[in-house]
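Colleague: Predicted model, plus sequence, below.
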Amino acid sequence: MLTTLAGPVTRLARRYTFLLTSLAVILCPATLLAAYPSLPDIPLVNDYGVFARAQGMGGAHVAACEDISALFFNPAGLALLKRPELAVGLSHLTSEISTTWSGNTLLSSAGATRLNSLGMAYPFPTFRGSFVVAGGYGRPNSMDYDYARTSGSENILVTERGGAGPLAGGVAVDVSPNVSVGGSFQILSGSSRRTFLDEYPLAPVESLSTRERIDDSDISGWGLSLGALFKAGKPFKAGITVQFPQHYFFEGTQTVTETRLGHVTQDSLSSYEEVRFEDEITLPFSFSSGISFSVPYLTLAFDASYTDWTELDYAGPLKVGNFYAYKPTVDLRFGQELTLPWLPVRLRAGYAIEPISYKLLLGDEATIVKDKTVFSAGAGIILEDSITLDVAYTQSSFERAIAGFSEKDTAKKLFLSFAYRF
């Protein structure tokens with residue numbers, strides 16, 4: 001439902017207007033902003049990542065998780081915990097977006113430091129096997145970025161700060177000596193504030209129109225994931241996780257202010273509008289599987305994740321006619337961890353291929369010049385068998401284009417995690 005202080009409109013018009021303006025401005029990156037009508041590219045489909053150990057291994061953690069991070073990668077892995085654990089993590093993001101329009105290139109960058117993860121797990125005493133309960137918070141969906149683009153006479157500037165993530169509770173049990181199962185229920189929450197500034201000349205008089213759009217949005221929702229972990233012989237583990245559809249609800253205010261600057265003097269305020277909106281979006285099923293191989297001093301891990309993004313639901317699939325805005329993707333992640341025998345230090349490295357699921361750019365089908373790839377490195381220090389300090393660095397990039405316009409996105413992330421086992 002959408003209500004506006006400017007006056008009543010029909011329900012159909014409200015629905016269409018919100019899809020092409022409110023949701024686009026709140027959720028989509030700037031590839032959409034000057035191309036109405038179009039459909040939004042939703043950042044909630046992009047996983048920012050949580051926990052330094054996992055990110056140092058390229059995110060390959062479905063079978064390799066053995067700490068509180070299992071709550072977010074494979075809840076069945078919680079069953080491996082033998083001692084209570086408390087963990088907290090921070091992250092720092094530096095993003096750069098380069099846009100080129102008809103030979104004009106602009107580079108914009110943003111940085112933000114956030115609480116990335118927080119959790120606690122407690123293994124209850126059992127006669128055999130394992131029974132572990134855990135709770136925690138993760139922030140895998142970041143909305144921190146700045147964006148600038150010019151088309152010669154028109155300038156677009158976007159600034160957004162915010163994010164969304166789950167407050168999760170999970171449980172895991174051993175159902176046999178070699179099989180563990182677990183589940184996690186997620187309460188989704190977050191917020192976003194975006195400022196969108198569009199400057200363009202007006203004809204026939206020599207004047208400049210400036211349109212500023214500010215969106216404040218509260219995000220809520222829920223989700224569920226189930227997982228299993230198979231310990232097939234001492235060196236091997238295999239895992240599978242099913243993330244059920246996540247339901248997001250959005251509520252907030254959009255204000256639009258437009259002014260005109262004449263050749264000599266500035267005109268008075270020409271228009272102002274304030275809009276209240278409420279709506280929802282549902283992300284599709286996601287299936288992940290992984291294997292890990294561990295021998296003394298070395299762990300290798302591999303994950304594969306499949307998501308059919310054509311099933312992303314905003315009052316039905318996101319389509320332009322019979323053309324889906326999204327496509328199915330298969331993400332591949334590789335990681336390794338090397339324990340130094342003479343020091344309580346673990347060294348990590350990883351690599352991931354995460355194909356771009358969004359097919360449009362400025363309303364047209366984009367050519368993927370370079371799909372998203374992620375390189376990672378990290379290290380961990382174990383102190384007195386109770387305290388673990390982990391750090392990881394990742395760098396990702398992708399590039400896409402249409403005729404006359406291209407966009408290159410680079411993100412650098414630093415993760416720091418601290419864990420204490422009682």
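Modeller: Ah, there it is. Residues are numbered from 1 along each chain as shown.
Colleague: Low-confidence stretches in the stretch 51-200 of the chain?
Modeller: For the stretch 51-200 of the chain, applying pLDDT under 70 flags the ranges 151-153, 200.
Colleague: ranges for the strands of the stretch 101-250 of the chain?
Modeller: Here the stretch 101-250 of the chain has its strands, by DSSP state E, counting those that start in this stretch, at 104-124, 131-138, 141-142, 145-150, 155-176, 179-202, 207-230, 236-243, 246-261.
Colleague: Adding mean neighbour count, write the ones you listed out as TSV.
Modeller: All C-beta atoms are positioned from the backbone trio N, CA, C, and that covers glycine. Listed next are these as TSV, based on neighbours: other CB atoms under 10 Å:
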stretch	mean neighbour count
strand 104-124	17
strand 131-138	21
strand 141-142	24
strand 145-150	21
strand 155-176	20
strand 179-202	18
strand 207-230	19
strand 236-243	20
strand 246-261	17
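Colleague: CA atoms only: put stretch 150-167 into CSV for me.
Modeller: Output of stretch 150-167 as CSV, limited to C-alpha atoms (Å, rounded to 0.1, in the frame of the first residue of the first chain):
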residue,chain,number,x,y,z
THR,A,150,27.4,12.2,-16.1
SER,A,151,25.9,12.2,-19.6
GLY,A,152,27.5,15.5,-20.5
SER,A,153,24.6,17.9,-19.6
GLU,A,154,23.0,15.7,-16.9
ASN,A,155,24.7,14.8,-13.6
ILE,A,156,23.6,12.1,-11.2
LEU,A,157,24.9,11.8,-7.6
VAL,A,158,23.8,9.1,-5.2
THR,A,159,24.8,8.5,-1.6
GLU,A,160,23.4,5.6,0.5
ARG,A,161,24.2,4.3,3.9
GLY,A,162,22.6,1.3,5.5
GLY,A,163,22.3,-2.5,5.4
ALA,A,164,20.2,-5.5,6.4
GLY,A,165,20.9,-8.8,8.1
PRO,A,166,19.5,-11.6,10.2
LEU,A,167,19.1,-11.9,14.0
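Colleague: Centre of the chain to that stretch, how far?
Modeller: Distance of stretch 150-167 from the chain centroid (CA atoms, centre = their mean, to the nearest Å) equals 15 Å.
Colleague: for stretch 93-108, same thing?
Modeller: Centre-to-centre, stretch 93-108 and its host chain are 21 Å apart (CA atoms, centre = their mean).
Colleague: Now do it: everything it contacts.
Modeller: Outside stretch 93-108, the residues within contact range by CB atoms under 8 Å, 6 or more residues apart in numbering are 30, 48, 109-114, 142, 144-152, 404-413.
Colleague: Alpha carbons of that stretch, in CSV - could you do that?
Modeller: Extracted as CSV, the C-alpha positions of stretch 93-108 are listed here (Å, rounded to 0.1, in the frame of the first residue of the first chain):
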residue,chain,number,x,y,z
LEU,A,93,34.2,-1.7,3.1
THR,A,94,35.8,0.5,0.5
SER,A,95,33.9,0.5,-2.8
GLU,A,96,34.7,2.2,-6.1
ILE,A,97,32.4,2.5,-9.0
SER,A,98,33.7,3.8,-12.4
THR,A,99,31.1,4.8,-15.0
THR,A,100,31.8,5.8,-18.6
TRP,A,101,29.1,7.5,-20.6
SER,A,102,30.0,8.6,-24.2
GLY,A,103,33.6,9.0,-23.2
ASN,A,104,32.9,10.8,-19.9
THR,A,105,34.2,8.8,-17.0
LEU,A,106,33.5,9.5,-13.3
LEU,A,107,34.9,7.6,-10.3
SER,A,108,33.1,7.5,-7.0
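Colleague: re the thing from before, mind checking which of the strands of the stretch 101-250 of the chain is nearest Tyr351?
Modeller: Nearest to Tyr351, of all these, is strand 236-243, at 19.3 Å by CB to CB.
Colleague: Pairing partners for the closest one, with directions?
Modeller: With DSSP bridges as the test, strand 236-243 is paired with strand 207-230 (antiparallel), strand 286-295 (antiparallel).
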